[in-house]
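Colleague: here's my sequence, what's the structure:
(one chain, ligands or ions: 2)
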Amino acid sequence: MEIQAKEDMDMQKKWWHDKIVYQIYPKSFFDSNGDGIGDIQGIIQKLDYIKSLGADILWICPMYPSPMADQGYDISDYYNIDPTFGTLDDMDRLISESKKRGMYVIMDLVVNHCSDEHEWFRKACQEPGGKYGKYFYIEDIKDGKLPCNWRGIFGGSVWSELPGHPGKVYLHTFHKKQPDLNWENPKVRQEVYKIINFWLDHGLSGFRVDAIVNIKKKLPFKDYAPDRPDGLCDLTVMKKEVEGIGEFLGEMSDLIFKKRDIFVLGEVSNEREGSLPDYIGENGYFSTMFDFAPNVFGKSEKGWFDYMPVTPDNYRDCCFTSQERAKNIGFFANFIDNHDEPRGINRYLPDHDLSLESKKMLATVYFFLKGIPIIYQGQEIGMENRGVVPLEKIDDFSAIDQYYVSIDAGFSPEEALEIISKYNRDNVRTPMQWNAEPYAGFSSRAPWLEVNPNYPEINVSSELNTPGSVLSYYKKMILLRKNLDYANTFTYGEFIPFHPDIHNLMAYYRSGDKDILIIANYQKDARTIMLSREPKQILLNNYDKFSLSNLELNLLGYQALVLEL
Ligand code: GLC
Ligand code: CA
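Modeller: Numbers count the residues shown, from 1 in each chain. Ligands and ions are numbered 1, 2, ... in the order given. Modelled structure (predicted):
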């Protein structure tokens, strides 16, 4: 195949285009003061580690004051730091220490909802008809009927009784301790802009914008056809129908984001057909947004028990479709792990095939796609799911909810535990495994969530100077993406699939100043693949072996190569 077309090389350059994001889940990263919970000083102490890895942008999950009903995604004060994590001064120091090292910090902007313990909501409860009542969606129960039958993302109705006001209810897309803010009210939007500017003035380089597709509601509220025995209907049905979210996003982007040269990563899924340019095009609302395609593949509205496994071909097809969609439009942010999903290696690799090689292979195929790569803490050392744990040890309430959804669907308690163990958000929230000492060196005492018992084998310290480790491989990948000879091609070069029809093969070209082939044998059996051009150089290999004769490339099980052509 002849490779041409380097059209994206002349797109307008932005400072974040060639950057690598490292996501920190602060509660589980590093505990500096021995209370069992990670904190800002802990992050500061590990900045050199992140720097040595080669990441540029730190995305830190919420650390604002919060009752922690949803691990900090329920904010009770947007202008401060929760004492569990430290102080505003600590945060300022974290930002300046990062800058010293040439790194940028972004935080979550969580403004679809706040906490029910936020002052606004307290005042709304005192006076539902007053100024702050209008910050939320508060409705009357009419003839014993709720305003509509939408099911919240964590299960149950989106409506709960307004404290102190039987007969009135408020809307919450997520947990009942996360009342939704009413974006139709211009005062709410002003509050949001004030929050953004406050943090930018503190030196943040941007935001990861949480749950933002939920800010627009179809009004007036109405029922949709129920999709489970609970009589409720999944929220996505409403979201498909509602129009006008672009007005809110456009305003926020024009008034705030575009005025400062920041990096904004949108949590957007199921955007309207054809609207991708509005989100991530040259003049889009956000710098980039997550590519959720592999992530949502096989999920079911019925619940976790009905999720389908993702095969290698599924995974490849999802990534390739997204790459094609974003072509000539903008950048997706590519990831295999985050704080809401099981470990990518557990989801996108067959269970019995987990090995150093397969972990490195999966890393390779996502990391060199066009877009912004994100690494979630622990991914770089090959951390794995926590697996099955007894119900009483589960922290993630969405997993607990899904346990009962599975039971209602007829599964036995053992089966239900097994089902939820696959998607339980605790899987990825277990403490970072720093070394083989007690509590994995994360803390000097028992952490808030149990450490994965595999920490004596999988940890930073044992992998740090070990050539064959997953960690060493991640460092090599990052170095390669940043190597000045290739960086331009990895950043702006075109994505061109290579034999997307071959079963269990994931391969693509990146074509710019250089022509590069990323090729992975996504299966345990060895095989031979015919190349169309002689490689000039092996840039990366997850094995020591390489065998090519007359364009016949022999690939071992889960072998991945990055070849310069
Ligand atoms: C996002 C976050 C998730 C949180 C939810 C509600 O999806 O990633 O952790 O529970 O929003 O804020
Ligand atoms: Ca601590």
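
Colleague: roughly how far apart are the spatially most central residue of the chain and residue 391?
Modeller: Residue closest to the average C-alpha location in the chain (CA atoms, centre = their mean): residue 338, at 4.2 Å. Per CB to CB, to the nearest Å, residue 338 is found 24 Å from residue 391. All C-beta atoms are positioned from the backbone trio N, CA, C, and that covers glycine.

Colleague: next one: residue 311
Modeller: On the measure of CB to CB, residue 311 and residue 391 end up 30 Å apart.

Colleague: so between these two, which is more surrounded?
Modeller: Comparing residue 311 with residue 391 by other CB atoms under 10 Å, the one with more neighbours is residue 311, at 16 against 13.

Colleague: low-scoring stretches of the stretch 1-150 of the chain, by residue?
Modeller: Applying pLDDT under 70 to the stretch 1-150 of the chain flags residues 1-10.

Colleague: residue of it closest to ligand 1, please.
Modeller: residue 73 (3.4 Å; CB to the nearest ligand atom).

Colleague: which phi and psi does that residue have?
Modeller: phi -80, psi 10 (degrees, to the nearest 10).

Colleague: now do the contacts for it.
Modeller: 62, 66, 108, 110, 174, 178, 210-211 (CB atoms under 8 Å, 6 or more residues apart in numbering).

Colleague: which ones among these map onto strands?
Modeller: residue 108 (DSSP state E).

Colleague: among the contacts of residue 73, who's most crowded?
Modeller: residue 110 (29 neighbours).

Colleague: look up the closest residue to that residue, ignoring the ones flanking it.
Modeller: Leaving aside its chain neighbours, residue 110 sits nearest to residue 210 (4.3 Å; criterion: CB to CB, 6 or more residues apart in numbering).

Colleague: again, but for residue 542
Modeller: Counting by CB to CB, 6+ apart, residue 542 lies nearest to residue 360, which is 3.9 Å off, once chain neighbours are set aside.

Colleague: how far away is that neighbour from ligand 2?
Modeller: Distance from residue 360 to ligand 2, counting by CB to the ion, to the nearest Å: 33 Å.

Colleague: that residue: how many residues sit nearby?
Modeller: Neighbour tally, residue 360, other CB under 10 Å: 27.

Colleague: does it touch residue 561 like I think?
Modeller: No - under the criterion of CB atoms under 8 Å, residue 360 is not in contact with residue 561, lying 11.0 Å apart.

Colleague: for whatever residue of the stretch 351-500 of the chain ends up closest to ligand 1, give its distance to residue 73.
Modeller: Here the stretch 351-500 of the chain gets closest to ligand 1 at one residue, residue 425, 7.2 Å apart by CB to the nearest ligand atom. Applying CB to CB, the value for residue 425 to residue 73 is 11 Å.

Colleague: go on, residue 394?
Modeller: Residue 394 is 18 Å from residue 73, by CB to CB.

Colleague: and what of residue 273?
Modeller: Taking CB to CB as the measure, residue 273 falls 29 Å from residue 73.

Colleague: before we move on, what about residue 485?
Modeller: 41 Å.

Colleague: what does the stretch 151-300 of the chain put close to ligand 1?
Modeller: 174, 210-211, 267 (CB under 6 Å from any ligand atom).

Colleague: I'd say residue 413 and residue 407 touch.
Modeller: Yes - counting by CB under 8 Å, residue 413 touches residue 407, with 7.0 Å between them.

Colleague: so which of these two has more stuff around it?
Modeller: residue 407 (15 against 11).

Colleague: quick check, pLDDT for the more buried one.
Modeller: You'll see residue 407 listed with a pLDDT of 97.

Colleague: which residues in the stretch 351-500 of the chain form helices?
Modeller: Here the stretch 351-500 of the chain has its helices, by DSSP state H, counting those that start in this stretch, at 356-367, 397-408, 413-423, 460-464, 470-482, 487-492.

Colleague: could you look over these and pick the most buried one?
Modeller: helix 356-367 (a mean of 24; mean count of other CB atoms under 10 Å).

Colleague: can you report how many residues neighbour the residue in the stretch 251-400 of the chain that ligand 2 sits nearest to?
Modeller: Ligand 2 sits closest to residue 377 of the stretch 251-400 of the chain, with a gap of 15.7 Å, by CB to the ion. Applying other CB under 10 Å, we find 26 residues neighbouring residue 377.
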